[in-house]
Structures are given as structure tokens and as C-alpha cells.
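Trainee: My questions concern the predicted model and sequence given below.
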Amino acid sequence: MVDSFLVGCTEKFYDIFGENLTGVYLHGSLVLGGFVPANSDVDLIVVTERPMSRMDAVQLTDFLLERSGSPYPIEISVLNRRQLDEWQHPCPFDYHYSEDWRNRFLAGESTFSDEEVRKDADLAAHLTIIHHSGCVLFGKPADEVFPPVPKEDYVNSILSDFEDCLENVEKDPVYSVLNILRIYYYMEDERIYSKDEAGQWALNSPFSKTVEKVLKRRRGDEISISDEELSSFKRHYQGKIEASLLEKVGRQK
């Protein structure tokens with residue numbers, strides 16, 4: 001079912017962009033092996049030869065408002081080749097959509113502008129995943145399209161997400177806990193983990209019971225997780241990650 005969903009999306013992107021479409025690239029949980037149909041996004045990067053037009057954006061938005069969430073939510077960024085000629089961090093982009101932004105689009109708050117320069121620090125992480133294990137759904141090989149992402153930019157990107165997770169761990173424990181763990185394990189051994197892999201590793205940690213609850217909730221179980229245990233988890237891994245950063249800075253001196 002996921003395969004047919006991806007084919008349908010890719011065909012629609014070609015309908016919208018035509019010969020301007022360079023490629024469609026899959027990243028995120030579907031390529032890292034942690035996709036949960038009830039909860040996971042389908043994460044896509046679309047690249048065009050030339051900047052997209054306002055009409056392209058209107059058609060793409062109409063499609064995403066109709067298709068995203070039926071049955072899988074879509075998170076997508078559209079970039080053009082000029083933006084990828086030389087790597088910049090944060091990386092510029094033409095267009096972004098996720099279900100978190102749905103109401104903004106419906107209210108007309110997130111409209112396309114061909115004059116505004118938009119940048120997204122998260123793209124350093126997304127493009128690193130594409131280089132690491134991404135899937136080309138259509139178009140040119142990833143190595144021909146995406147420049148290398150320096151490791152320090154990837155770390156900067158995931159640490160920005162780390163700050164968001166610390167702030168939101170009580171509100172969104174599944175996403176926040178598992179991403180904090182992914183970041184911690186990357187800082188330890190510079191390996192990219194899926195959410196599930198990081199969770200499985202942490203079942204041997206002092207917070208195994210909390211992590212087990214998070215993994216069960218990720219699978220759809222109604223599991224209660226107290227704010228107290230989430231706060232303890234947050235303090236513990238915040239200290240661990242900050243210590244790891246200090247150690248790496250010390251080694252570089």
C-alpha cells in the first residue's frame with residue numbers, strides 16, 4: 001500500500017512540474033526501517049531544475065491538502081538545482097508542507113512567494129539521510145543532485161531538533177524521547193539510527209521502562225507516561241549530550 005501511495009505522489013509531481021522535475025527522493029523512517037503506518041510521515045524531497053512557479057505551488061498545495069493523511073501524512077520540501085549548486089547551511093528551499101502546517105495553508109498564512117528567500121536548518125539532516133540511505137523514486141541519482149553535507153552542519157541540525165524535543169517532551173513524548181535517543185547515540189558513535197533502533201538500544205538504559213512505554217505508544221497502545229519520568233529522562237540525556245559536546249570540543253583544541 002505504501003508503494004502505490006509513493007507511485008501516486010511521484011506521478012502527480014511529474015504532472016505538476018513536467019520536464020522541470022529533476023527527481024523525487026525518499027528519506028526518513030521509510031528508508032531507515034522505522035516506519036509505523038499509523039503514526040509515521042512519508043518524508044520527501046523534490047528537486048526541480050528551475051525555481052517552481054506560483055501556479056506550481058497552488059497545484060501542489062491542492063494535491064497535498066487532499067492526499068496527505070489519506071492514509072499517510074506527507075512532509076515535503078521542494079528545492080531547485082541553483083539552491084544546491086553550492087552547499088549552504090541553513091539550506092534554502094522553495095516550498096515546504098507538513099501536516100503541522102495544514103491549518104496555516106487552509107488559512108492562507110503559508111503562501112508561496114517567489115521573492116522571499118526561505119531557509120531550513122533541518123535540510124542538513126534530511127539530505128544527510130538521503131546520502132546515507134535515501135531512495136530515488138524518480139530522476140537523477142542523489143549523489144549527482146545533492147552536495148555533500150559537512151558533518152558539523154548535520155550535528156548543528158540535529159542539535160536544533162534536540163532543543164525542540166527538550167521543550168516538547170511532555171507534550172509529544174514519542175517523537176521527543178526517540179529523537180533525543182537518536183541524537184545521543186549519534187553523538188556517541190556517529191551512526192545514524194532509526195527511532196526504533198535507538199529505542200531498542202535504550203531498553204538497556206536506566207530509563208528502559210519509560211522507553212518501553214514510548215515504543216508501545218508508538219505502536220498505538222494507550223500507555224500512560226508521567227510528566228515526572230519524562231522530566232527525569234530529559235534531564236539525564238540533556239546532561240549526557242552536553243557532556244559529549246564538551247568532550248568533542250576538548251578533543252578539537
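Mentor: Perfect, I can see it now. Note that the coordinates shown come from a computational prediction; the quantities given were computed from them, not determined experimentally. Numbers count the residues shown, from 1 in each chain.

Trainee: isn't there a strand covering residue 44?
Mentor: Yes. With DSSP: H, G, I helix; E, B strand; the rest coil as the criterion, residue 44 is located in a strand.

Trainee: Would you mind measuring from it to residue 245?
Mentor: With distances defined as C-beta to C-beta, to the nearest Å, the gap from residue 44 to residue 245 amounts to 31 Å. Yep, even glycine has a C-beta here, placed from its N, CA and C like the rest.

Trainee: Between these two, which has more neighbouring residues?
Mentor: The neighbour count for residue 44 versus residue 245, taken as other C-beta atoms under 10 Å, is higher for residue 44 (23 against 13).

Trainee: Contacts only, for that one.
Mentor: Contacts here follow C-beta atoms under 8 Å, 6 or more residues apart in numbering; on that basis residue 44 touches 9, 24, 25, 26, 27, 74, 75, 76, 77, 137.

Trainee: can we see that at 10 Å?
Mentor: Residues touching residue 44, when contacts are defined by C-beta atoms under 10 Å, 6 or more residues apart in numbering, comprise 6, 9-10, 13, 24-28, 30, 74-78, 97, 126, 137.

Trainee: May I have the beta-bridge partners of it?
Mentor: Per DSSP bridges, the residues bridged to residue 44 are residue 26, residue 76.

Trainee: so what pLDDT did it get?
Mentor: Confidence at residue 44, expressed as pLDDT, is 98.

Trainee: State the distance from the closest residue to residue 195 other than its chain neighbours to residue 134.
Mentor: Nearest in space to residue 195, with sequence neighbours left out and distances taken as C-beta to C-beta, 6 or more residues apart in numbering, is residue 178 at 3.9 Å. In this structure, residue 178 lies at 20 Å from residue 134, with C-beta to C-beta as the measure.

Trainee: Do a quick rundown of the strands in the stretch 1-150 of the chain.
Mentor: Counting by DSSP state E, counting those that start in this stretch, the segments of the stretch 1-150 of the chain that form strands are 21-27, 42-48, 74-80, 91-93, 95-97, 118-120, 135-139.

Trainee: now the third one: how far from the chain's centre is it?
Mentor: Strand 74-80 sits 11 Å away from the centroid of its parent chain (C-alpha atoms, centre = their mean, to the nearest Å).

Trainee: Equivalent analysis for stretch 56-71, please.
Mentor: Using C-alpha atoms, centre = their mean, the mean C-alpha position of stretch 56-71 is found 19 Å from that of the whole chain.

Trainee: Identify each buried residue in it, please.
Mentor: Residues of stretch 56-71 classed as buried by neighbour count (16 or more other C-beta atoms under 10 Å): 56, 57, 59, 60, 61, 63, 64, 67, 68.

Trainee: Then stretch 142-157?
Mentor: By neighbour count on 16+ other C-beta under 10 Å, the buried set for stretch 142-157 is 142, 145, 146, 149, 153, 154, 155, 157.
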